[in-house]
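Novice: Pasting the sequence and the predicted coordinates here, then a few questions.
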Amino acid sequence: MRYASPTRLFGYPLLSVALGPDASSGEDRGIARGILALGDIAIGGIAIGGVAVGVVPIGGVALGLFSLGGVGIGLLAAVGGVAVGAFAVGGLAVGVLAVGGVAVGGWAYGGVAIGLRTGLHLPGTYSAVVPPGSREIPSLIV
């Protein structure tokens with residue numbers, strides 16, 4: 001299925017939908033490019049798809065500024081099973097501020113937290129403070 005709205009903004013269609021293979025163009029996967037893009041691979045301002053790239057991508061693998069996905073990589077923020085970003089929330093979170101089951105970052109909060117600052121020292125959680133410039137692997141604080 002292919003659709004691109006006739007309304008354009010900055011040269012891109014306002015809405016672009018590309019799902020599944022397209023025999024006429026020989027595409028195995030739909031690649032949608034638009035301000036709002038929905039497709040197997042979506043690229044746009046708001047991108048929703050299996051692989052999504054954009055300002056706000058949502059998908060299995062999401063790459064952008066504010067990412068939400070199974071694997072979310074965001075320049076500013078990421079939420080996902082695996083999240084990497086300045087602010088990251090997820091099962092495995094890596095970032096300046098990381099919150100998750102396993103959190104690694106400058107400020108890390110979670111079940112297992114590794115960072116310059118760690119918090120939430122609750123029963124059943126583990127944290128390790130890594131001094132700046134240290135080359136040693138820290139032991140966990142129980």
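Specialist: Now that the structure is in, tell me what you want to look at.
Novice: going forward, measure contacts between C-alpha atoms and count neighbours the same way
Specialist: Fine.
Novice: shaky segments in this protein?
Specialist: 119-142 (pLDDT under 70).
Novice: By residue count, what's the longest strand in it?
Specialist: If you go by DSSP state E, the chain has its longest strand at strand 31-119.
Novice: quick one, phi/psi of the residue lying farthest from the centre of the chain?
Specialist: Going by CA atoms, centre = their mean, the residue of the chain most distant from its centre is residue 24, 32.8 Å out. The phi/psi pair for residue 24 (degrees, to the nearest 10) reads phi -70, psi -30.
Novice: now do residue 14
Specialist: Dihedral angles for residue 14 - degrees, to the nearest 10 - are phi -60, psi -40.
Novice: how much space is there between residue 70 and residue 60?
Specialist: According to CA to CA, to the nearest Å, residue 70 and residue 60 sit 5 Å apart.
Novice: Can you list the helices and strands that the longest strand of the chain packs against?
Specialist: On a contact count with 3 or more CA pairs under 8 Å, 6 or more residues apart in numbering; DSSP states H and E, strand 31-119 meets strand 12-13, strand 15-18, strand 126-129.
Novice: 10 Å - rerun?
Specialist: Counting contacts by 3 or more CA pairs under 10 Å, 6 or more residues apart in numbering; DSSP states H and E, strand 31-119 packs against strand 2-4, strand 8-9, strand 12-13, strand 15-18, strand 126-129.
Novice: need these in a markdown table with distance to residue 94, can you?
Specialist: Below are those laid out as a markdown table (distance: least, CA to CA, whole Å):
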| stretch | distance to residue 94 |
| --- | --- |
| strand 2-4 | 36 |
| strand 8-9 | 35 |
| strand 12-13 | 33 |
| strand 15-18 | 32 |
| strand 126-129 | 14 |
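Novice: how about those strands, which one is nearest residue 49?
Specialist: strand 15-18 (9.6 Å; CA to CA).
Novice: List of residues touching that closest one?
Specialist: 1-9, 27, 29-44, 46-49 (CA atoms under 10 Å, 6 or more residues apart in numbering).
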